[in-house]
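In: give the three-dimensional model of this entry:
(one chain, ligands or ions: 1)
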Amino acid sequence: MCGIIGYCGHRPAVPVILEGLRRLEYRGYDSAGVAFLQHGELHVVRAQGKLANLEKRLEGQNVFQATSGIGHTRWATHGLPIEKNAHPHTDGAKRLAVIHNGIIENYQEIKNELMAEGCAFASDTDTEVLAHLLARAIDKGLPTDQAMSETLGRVEGAYALAVVSLDTPGVIHAARKSSPLVLGVGVGENFLASDIPAFLPYTRDVVFLEDGEMVRIDAASWRVMDVATLAPIEKEIKHITWDVSAAQKGGFKHFMLKEIFEQPKVIADCLAGRVDVAAGRAVLPELAGLPTPERLFIVACGTSFHAGLWGMYLLEQWAGVPTRVEVASEFRYREPVLQPGDVVLAISQSGETADTLAGMRLARQRGAKVIGLCNVVGSSVARESDVVISTQAGPEISVASTKAMCSQLTVLTLLALCLGEATGKISRQDRIDCLTSLEKLPSVLEAELPRMRERAMDLAKTYSEVSSFLYLGRGPYYPLALEGALKLKEISYIHAEGYAAGEMKHGPIALIDPRFPTFALAPMDELFPKVKSNLEEVQARGGKIIALTHPGADMRVDHIWETPKAWGPLSTFLMLPALQMFAYEMADYLGKDVDQPRNLAKSVTVE
Ligand code: M6R
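Out: Okay, here's the model as predicted:
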């Protein structure tokens with residue numbers, strides 16, 4: 001939700017900021033803006049819509065003198081996505097500018113108070129109160145850091161914010177609470193951003209800021225303080241090992257396509273050092289010292305929730321650990337009964353999803369241990385979990401999650417094997433067979449992906465005029481049906497519903513007609529005959545069917561789509577990319593903005 005960047009250094013700041021915003025645009029793209037000080041004046045330039053509009057607006061303007069400034073790309077929460085609501089926001093006298101990611105929950109109360117005192121507001125956003133509050137504190141004679149402290153002491157909610165001010169030229173003040181903010185430490189230059197790729201071409205040395213911390217940067221120095229007391233805080237600089245190429249398209253038309261094609265490598269990377277096939281052992285040293293959970297609660301959102309649901313089938317079948325999977329936004333607001341011995345597994349690609357974080361905080365308050373399964377190193381989920389298992393998928397830029405889910409499924413498979421060995425529920429031979437098959441997946445998938453893409457392209461053309469799709473699956477393929485439907489709707493805007501195949505006759509069957517096709521997951525496993533008879537029910541009502549299945553499947557449907565068979569539920573790893581590819585090709589064929597679908601943002605850091 002919203003991307004923020006700040007730069008203080010020796011280069012012209014605006015191009016650095018625009019480049020950073022380009023890398024953050026996945027976080028929101030309703031509008032964008034920059035603020036910088038030049039010739040003793042504060043300049044703010046903003047534009048509605050994508051970053052390209054802001055770039056156009058800056059074209060031909062002399063913006064090359066400023067060597068510090070801030071930039072923002074917005075995902076609207078308060079106020080329409082129009083120019084007056086774009087960040088940065090300024091105080092009335094235009095002495096300072098603020099960018100913000102998050103939500104100021106008590107903004108209306110503060111706004112009313114400020115308006116009663118004669119303050120005029122130029123936008124409908126919650127953020128603008130921060131600019132006015134700060135200016136008032138500075139007007140009282142407070143230095144900027146104290147003004148920040150006083151202002152943030154008044155606001156409730158979540159924020160990562162950065163401020164430039166005429167009072168402190170060449171300096172940026174920033175702070176965080178429940179929204180991500182990282183500091184990039186360079187030579188003669190320093191950066192602030194919502195996410196590391198924003199400044200990765202310039203430095204790999206980063207400092208992860210924690211809630212309640214404030215930072216002051218200029219070109220030559222940085223200082224972290226406690227936002228309430230302004231007491232200095234010692235921070236460790238961490239070196240990032242992945243490089244900028246991991247966050248670029250690498251010749252693919254879209255990040256999503258690139259990320260789908262990266263999945264063989266993702267599986268291989270996830271397995272590296274974690275598999276001892278001869279011993280039939282999955283090795284997750286992170287779990288050392290953590291007793292086998294008596295019950296496991298998996299808490300996640302969106303695609304990560306689907307991964308968790310899939311994991312439940314394996315965890316219960318192989319390890320016998322009672323597992324419950326819940327969307328985090330529900331879990332956090334009910335009264336989950338947690339008892340000693342329970343473990344909560346929080347799954348999140350970004351590690352910053354507000355609901356997932358709230359769910360895991362609640363669990364910890366109630367004495368449960370939390371395992372965080374997450375992709376972004378140093379994220380809030382990673383920092384706040386008792387145990388962190390890194391999914392190691394590398395940066396995922398496309399808003400529609402693909403390779404992250406693949407990595408989550410790989411780790412969940414290893415987790416189920418680990419726990420299964422501990423409980424003795426799964427046999428050694430099954431563990432060996434599973435690990436053997438897992439190790440082969442990267443090469444099998446690598447060979448299959450180009451074929452899969454061609455098939456997806458054909459089917460996308462055939463079904464491009466459809467306005468609704470039903471996805472069906474059973475067992476571990478039911479979560480895949482949910483995921484297939486989510487992928488299709490989020491990037492192609494075609495309505496799609498995922499259903500447990502056996503539930504179809506309890507309602508959705510009423511929708512079936514020749515214009516309402518079904519995408520079925522029909523692997524040749526023990527549930528195949530059941531899925532087959534569900535599909536006959538669809539056919540009997542004139543519904544068209546695409547069936548993702550295995551070679552040799554005995555079924556007559558409109559389109560058979562064969563993918564190679566793997567051991568047990570591991571065929572998932574060869575079917576999931578087909579679902580992703582179908583959604584991708586459909587969206588691309590329809591000319592949709594695949595990587596930045598409307599209304600969505602990559603990381604949902606607000607409720
Ligand atoms: O970063 P997280 O895994 O916590 O994100 C959860 C969801 O917001 C995310 O999976 C979302 O549903 C994606 N747009 C799915 O493609």
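In: can you pull the contacts of the residue in the stretch 251-400 of the chain positioned nearest to the ligand?
Out: Residue of the stretch 251-400 of the chain nearest the ligand, by CB to the nearest ligand atom: Gly302 (2.0 Å). Every C-beta, even on glycine, is put in place using the N, C-alpha and C of the backbone. Gly302 makes contacts with 401, 486, 604, as judged by CB atoms under 8 Å, 6 or more residues apart in numbering.
In: which one (most neighbours) among those residues?
Out: Ser401 (27 neighbours; other CB atoms under 10 Å).
In: pretty sure that one sits against Phe305.
Out: No: Ser401 is beyond contact range of Phe305, at 10.9 Å (criterion: CB atoms under 8 Å).
In: okay, and which of the contacts of Gly302 map to helices?
Out: Leu486 (DSSP state H).
In: output the contacts of Gly302 in TSV; the columns should cover pLDDT.
Out: Listed next are those as TSV, based on pLDDT from 0 to 100:
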residue	pLDDT
Ser401	97
Leu486	98
Val604	82
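In: of the contacts of Gly302, closest to Ala587?
Out: Leu486 (12.8 Å; CB to CB).
In: wait, a helix at Ala587?
Out: Yes: counting by DSSP: H, G, I helix; E, B strand; the rest coil, Ala587 is found in a helix.
In: which residues touch it?
Out: 491-492, 594, 597 are the contacts of Ala587 under CB under 8 Å, 6+ apart.
In: could you rerun that using 7 Å?
Out: 491-492, 594 (CB atoms under 7 Å, 6 or more residues apart in numbering).
In: quickly list what Ile546 is bridged to.
Out: Phe519, His559 (DSSP bridges).
In: restrict the contacts of Gly302 to contacts with the ligand.
Out: When contact is defined as CB under 6 Å from any ligand atom, those meet the ligand at 401, 604.
In: as CSV, the contacts of Gly302 with distance to Asp458 would be great.
Out: Compiled in CSV, the contacts of Gly302 are given as follows (distance: CB to CB, whole Å):
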residue, distance to Asp458
Ser401, 25
Leu486, 23
Val604, 34
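In: about what we covered before: can you pick the most crowded of the contacts of Ala587?
Out: Busiest of the contacts of Ala587 [other CB under 10 Å] is Ile491, holding 28 neighbours.
In: tell me which helix or strand that one sits in.
Out: helix 477-492 (DSSP states H and E).
In: from the chain's centroid, how far away is that helix?
Out: Its chain's C-alpha centre and that of helix 477-492 lie 16 Å apart, by CA atoms, centre = their mean, to the nearest Å.
In: just the strands in the stretch 401-550 of the chain please.
Out: 468-473, 495-500, 518-522, 545-549 (DSSP state E, counting those that start in this stretch).
In: ok and the residue in the stretch 51-200 of the chain nearest the ligand?
Out: Pro180 (11.1 Å).
In: could I get stretch 511-525 in PDB with only the CA atoms?
Out: Extracted C-alpha coordinates of stretch 511-525, given in PDB (Å, rounded to 0.1, in the frame of the first residue of the first chain):
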ATOM      1  CA  LEU A 511     -25.300 -21.400 -12.800                       C
ATOM      2  CA  ILE A 512     -24.100 -24.000 -15.300                       C
ATOM      3  CA  ASP A 513     -25.000 -23.300 -18.900                       C
ATOM      4  CA  PRO A 514     -23.000 -23.200 -22.200                       C
ATOM      5  CA  ARG A 515     -21.700 -19.700 -21.400                       C
ATOM      6  CA  PHE A 516     -20.400 -20.600 -18.000                       C
ATOM      7  CA  PRO A 517     -17.300 -22.800 -18.300                       C
ATOM      8  CA  THR A 518     -15.700 -24.900 -15.700                       C
ATOM      9  CA  PHE A 519     -11.900 -25.300 -15.100                       C
ATOM     10  CA  ALA A 520     -11.500 -28.600 -13.400                       C
ATOM     11  CA  LEU A 521      -8.500 -29.900 -11.500                       C
ATOM     12  CA  ALA A 522      -8.700 -33.600 -12.200                       C
ATOM     13  CA  PRO A 523      -5.400 -35.300 -11.200                       C
ATOM     14  CA  MET A 524      -5.400 -39.100 -11.400                       C
ATOM     15  CA  ASP A 525      -5.400 -39.700  -7.700                       C
END
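In: the lengthiest helix in the chain vs helix 477-492, what angle?
Out: For the chain, the helix with the greatest residue count under DSSP H is helix 428-463. With axes from the mean of the first three to the mean of the last three CA atoms, to 10 degrees defining the directions, helix 428-463 sits at 30 degrees from helix 477-492.
In: what helices and strands are in contact with helix 428-463?
Out: helix 263-271, strand 275-276, helix 403-423, helix 572-589 (3 or more CB pairs under 7 Å, 6 or more residues apart in numbering; DSSP states H and E).
In: nearest to the ligand, out of the ones you listed?
Out: The nearest among the helices and strands packed on helix 428-463, by CB to the nearest ligand atom, is helix 403-423 at 6.4 Å.
In: okay, now the domains of this protein?
Out: As given by automatic domain parsing, the domain ranges for the chain are 3-246, 249-426, 445-602.
In: wait, which of those domains is closest to Asp433?
Out: domain 445-602 (5.3 Å).
In: show the pLDDT at Val244.
Out: Note for Val244: predicted pLDDT of 66.
In: likewise Glu465?
Out: So Glu465 comes in at 93 (pLDDT).
In: dihedrals phi and psi, it?
Out: When read as degrees, to the nearest 10, the backbone of Glu465 gives phi -100, psi 0.
In: what is the neighbour count of it?
Out: 9.
In: with Asp139 instead?
Out: Neighbour tally, Asp139, other CB under 10 Å: 12.
In: could you do the one 10 residues further on as well?
Out: The criterion is other CB under 10 Å. On that basis, Ser149 has 21 neighbouring residues.
In: and it, that one's in a strand?
Out: No: counting by three-state DSSP, Ser149 falls outside a strand, being helix.
In: for it, give me its contacts.
Out: Per CB under 7 Å, 6+ apart, neighbours of Ser149: 227-228, 230.
In: what pLDDT is listed against it?
Out: 97.
In: quick check: residues of the stretch 251-400 of the chain near the ligand?
Out: 301-304, 348-350, 353, 356, 399-400.
In: got CSV for the residues you listed, with pLDDT too?
Out: CSV is the format used below for these (pLDDT from 0 to 100):
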residue, pLDDT
Cys301, 97
Gly302, 97
Thr303, 98
Ser304, 98
Ser348, 97
Gln349, 95
Ser350, 92
Thr353, 93
Thr356, 97
Val399, 93
Ala400, 96
